[in-house]
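the sequence and its predicted three-dimensional model are supplied below.
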Amino acid sequence: MPALSVRNLEVSFAERTLFSDVSFDVEKNDKVGFIGANGVGKTTLFKVLNGELEPSSGTVAFEKNTVVGYMEQHACSNPQIDVYHELLSVFSYLRETEREISFLTEQIDKGRGDLDELVERQTRLIEEFEAQGGLTYQSRTRAALLGLGFREQDFTMEVGALSGGQRSKLCLAKLLLSRSTLLLLDEPTNHLDIRSVGWLEDFLRDFSGAMMIISHDRYFLDRVTNKTVELEHQKTMCYKGGYSEFIKKKQAYNESLKNKYENDLKEIRRIEGIVEQQKRWGRERNFITAASRQKQADKIKEQLVAPENELEVMRMRFTPKCESGNDVLMCRELSKRFGEKLLFEHLNMHIRKGERVFILGENGCGKTTLFRILTGKAAQDEGEYEYGANVMPGYFDQMQQDLDLSKTALDEVWDAFPHLSQTQVRSALAAFLFKGDEVFKPLSQMSGGERARVSLLKLMLRGGNLLLLDEPTNHLDASSREELENTLLDYSGTMLIISHDRYFINKLAHRVLVLRQDGFKEYLGNYDYYIERVRAEDEAQKQDGAKSSAKPKNAYFLEKQRQSEERKRRTRLKKAEEEIERLDGELEEVQAQLADPETAGDYEKVLELTARLEELQAEQEKQYEIWSELAD
């Protein structure tokens, strides 16, 4: 049986059906990408699978040993506990076993209780502890925190002092390290920088259970998933493969469906033409032929499947109002601090006309601050920047601070461009999927994706020839991201873009600038080229380090001594185990002789065997003490 089986699922609210006839299976090792436009009901479906929401109809069945893990289940409830121990709490079952093993060892050492029973229980618990990962749970806890971007000094921070993004990362870490065998991950890459996303990809690829992932990160889906389920037109379709494979298969399927539909319509028209012709001839056999042909046409009509209308996407086109000079933006020796914290210094950059340049860097390194300096919203501490001739910058702010949330979509755009007529503004809004009464919806009531569309529309209408884009694909679904990519590929101006969307970077980038404290490091190419170069640099650094960092003589001999002592410990431990096993055999033989009815009648023989039994038990207890000390 699959880990999860969904059949004919439907969820309706009042008179609106969110989805219906949803059916799919998730096998025990499947890694499923669950995709669809914003608002189609992906998160709602997760709530049904997690038991938070009752479906209107249909069934959800889990294999009996399946343990479902959902991020909200692992919320951090104790604000006083520190980050490390909050994450360690998911291993409470191992820590309890560890305490019991320690207690049993103490009892054995002090000779309290039935020694055989205590040793047997201790051995069983040690085997369970090791099988469940007891020897590595603390190192896994530390690795998860570091992998998700926490620093060593963050480990002792109280949970209540964490930012919203840090708390989300901690909840994600708790989910990943839980005992769940089926993970439901809703946008797991939110709040993660590229390095942390890479760690998450490696973790999920190595995860032995099943998972369903809602994500708009197409590069992430390609790296992790082996199956794709799309929710569209209120139903699901399943495809083998990651996101890129899904796109190819969906296009091929839709094309074949369209061709079959058109061919079926042609065949119906051809047959019905024959029917009309036969009826005009008016003979009896002609009427028989006409009736037979009409049945044939009706049968094709019954099986006729019309292709679904494609979902509407934004229609945008960025056209510069004027052409800039060849030198677009020059930065020289820029630096910025916040109090004692240095963000960056010695930052130099030269952007030329027509370039598509991407800025990468860890969260908090100063990427957005740099854009705020370049747009005059913040001041640099040192250095200078200069725009070239006829440069008209346009800025997309990922925080959407350029929007007045008290206004409607119509007022926000019209107030920014008062020279446009209402018809022109409404037509522009319609191209960005705001139609009818939606233009009167206050921005405060809109989703992040809807606000992003308003910001992009304002950016398009400004007609800048240099686009400064700060995370422009955040909040956009996959189809909107692809439309933005295609639009920017056709754009004749210059682009400087901050992004964590690796699919987006791969499609557009001419070069990549990695922001560090000492300025930019440049890579001429897209994201894949950048990763290839970083790996080559890391490998070269390791080789250089191996050549130049031979251990000091003392460290070498200390390491040799440690290895020798470890070998001796293992040898003694093995010898103790063999001795315990040998004594077990002798004890069984003595006990068997004592149980023999013939021996029971020989008084001297019984005394001799009893003395031997006590001697063997004492020797075995001594060996258990040696084994326990060496094992610790």
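That came through, no problem.

after the helix or strand of the chain with the lowest mean pLDDT, next one along is what?
Considering only helices and strands, the least confidently modelled element of the chain by mean pLDDT, DSSP states H and E is helix 597-600, at a mean of 70. Heading C-terminal from helix 597-600, the first helix or strand you meet, by DSSP states H and E, is helix 603-631.

which helices and strands does that following helix pack with?
The elements that helix 603-631 packs onto, with contact taken as 3 or more C-beta pairs under 8 Å, 6 or more residues apart in numbering; DSSP states H and E, are helix 92-110, helix 115-131, helix 553-595, helix 597-600. (Glycine included, C-beta is placed from N, CA and C.)

can I get these in CSV with distance to S57 and mean neighbour count?
Formatted as CSV, the helices and strands packed on helix 603-631 follow (distance: least, C-beta to C-beta, whole Å; neighbours: other C-beta atoms under 10 Å):
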stretch, distance to S57, mean neighbour count
helix 92-110, 37, 14
helix 115-131, 42, 14
helix 553-595, 60, 12
helix 597-600, 72, 10
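
out of those helices, which gets nearest to T189?
Distance to T189, taken as C-beta to C-beta, is lowest for helix 92-110 among the helices and strands packed on helix 603-631, at 28.0 Å.

average pLDDT for that closest one, rounded please.
Computed over helix 92-110, the mean pLDDT rounds to 86.

what do you get for stretch 462-475?
The predicted model gives stretch 462-475 an average pLDDT of 93.

do stretch 613-625 as well
Looking at stretch 613-625 alone, the average pLDDT works out to 78.

chain center to it: distance?
The chain centroid and the centroid of stretch 613-625 are separated by 55 Å, computed with C-alpha atoms, centre = their mean, to the nearest Å.

distance to R315 added to the helices and strands packed on helix 603-631, as JSON lines?
JSON lines is the format used below for the helices and strands packed on helix 603-631 (distance: least, C-beta to C-beta, whole Å):
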{"stretch": "helix 92-110", "distance to R315": "54"}
{"stretch": "helix 115-131", "distance to R315": "57"}
{"stretch": "helix 553-595", "distance to R315": "66"}
{"stretch": "helix 597-600", "distance to R315": "98"}
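
got any ranges where this protein has weak pLDDT?
Across the chain, the ranges flagged by pLDDT under 70 are 72-75, 308-311, 545-561, 563-564, 599-603, 632.

so for it, which residue is the most central one in space?
With distances taken as C-alpha atoms, centre = their mean, the chain has P188 as the residue nearest its mean C-alpha position (4.0 Å).

pretty sure it contacts K169?
No. Taking C-beta atoms under 8 Å as the contact criterion, P188 and K169 are not neighbours in contact, 9.8 Å apart.

which residue is the nearest non-sequential neighbour of H475?
The spatially closest residue to H475, leaving aside those adjacent along the chain, is G448, at 3.8 Å (C-beta to C-beta, 6 or more residues apart in numbering).

and K258, by the same measure?
Using C-beta to C-beta, 6+ apart, the nearest residue to K258 is P307, at 4.9 Å.

what residues are up against the one you found?
Contacts here follow C-beta atoms under 8 Å, 6 or more residues apart in numbering; on that basis P307 touches N254, L257, K258, Y261.

what strand or helix carries it?
When the helices and strands are read off by DSSP H and E, none of them contains P307.

re the thing from before, and of the contacts of P307, the nearest to E284?
Each of the contacts of P307 was scored against E284 by C-beta to C-beta, and Y261 proved nearest at 35.6 Å.

that closest one contacts A306, doesn't it?
Yes. Under the criterion of C-beta under 8 Å, Y261 is in contact with A306, at a separation of 5.8 Å.

these two - which one has more neighbours?
Set side by side, Y261 and A306 give different neighbour counts by other C-beta atoms under 10 Å, the larger being at Y261 (14 against 10).

any figure for the gap between the more buried one and A297?
15 Å (C-beta to C-beta, to the nearest Å).

can you check F19 too?
Counting by C-beta to C-beta, the separation of F19 from A297 is 34 Å.

so between the two, which is more surrounded?
Taking F19 and A297 together and counting by other C-beta under 10 Å, F19 has the greater number of neighbours (25 against 18).

that one belongs to a strand, doesn't it?
Yes. Applying DSSP: H, G, I helix; E, B strand; the rest coil, one finds F19 inside a strand.

from L135, how far out is it?
45 Å.

same check on A631?
With distances defined as C-beta to C-beta, the gap from A631 to L135 amounts to 12 Å.

buried residues, the helix or strand hosting A297. List them.
Per DSSP H and E, A297 falls inside helix 284-302. For helix 284-302, the buried set under the neighbour-count rule, 16 or more other C-beta atoms under 10 Å, comprises T289, A290, R293, Q294, Q296, A297.

save these as a markdown table, and put in distance to F504 too.
Below are the buried residues of helix 284-302 laid out as a markdown table (distance: C-beta to C-beta, whole Å):
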| residue | distance to F504 |
| --- | --- |
| T289 | 60 |
| A290 | 59 |
| R293 | 54 |
| Q294 | 54 |
| Q296 | 51 |
| A297 | 49 |
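
check the secondary structure at H350 for me.
In terms of secondary structure, H350 is strand; the call rests on three-state DSSP.

if I read this right, it contacts N326, doesn't it?
No. With contact taken as C-beta under 8 Å, H350 and N326 are classed as non-touching, separated by 10.7 Å.

more neighbours, these two?
Comparing H350 with N326 by neighbour count (other C-beta under 10 Å), the higher total belongs to H350, at 12 against 9.

and the gap between the residue nearest to that one when sequence neighbours are not counted and E386?
If the residues on either side of it in the chain are set aside, H350 comes closest to M330, at 5.4 Å by C-beta to C-beta, 6+ apart. Taking C-beta to C-beta as the criterion, M330 is separated from E386 by 5 Å.

kindly report the same for T375.
Computed as C-beta to C-beta, the T375 to E386 distance reads 14 Å.

neighbour-wise, which of these two wins?
The residue with more neighbours, out of T375 and E386 and counting by other C-beta under 10 Å, is T375; that gives 14 against 10.

so who does the nearest residue to the more buried one once chain neighbours are set aside touch?
The spatial neighbour of T375 that comes closest, neighbours along the chain excluded (C-beta to C-beta, 6+ apart), is Y395 at 4.9 Å. With C-beta under 8 Å, 6+ apart as the criterion, the residues that contact Y395 are F371, T375, D402, L459, L468, D470.

mind putting those residues in a markdown table, distance to E522 and secondary structure included?
Below are these laid out as a markdown table (distance: C-beta to C-beta, whole Å; DSSP: H, G, I helix; E, B strand; the rest coil):
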| residue | distance to E522 | secondary structure |
| --- | --- | --- |
| F371 | 18 | helix |
| T375 | 23 | coil |
| D402 | 30 | coil |
| L459 | 26 | helix |
| L468 | 18 | strand |
| D470 | 20 | strand |
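
which among these end up buried?
The buried subset of the contacts of Y395 (16+ other C-beta under 10 Å) comprises F371, L459, L468, D470.

from the residues you listed, which is closest to N506?
Using C-beta to C-beta, the buried ones among the contacts of Y395 come closest to N506 at D470, 18.9 Å.

what are the ranges of the helices in the stretch 301-450 of the chain?
Assigned helices in the stretch 301-450 of the chain, in chain order: 367-374, 409-416, 422-431, 448-462 (criterion: DSSP state H, counting those that start in this stretch).

alright, that wraps it up for me.
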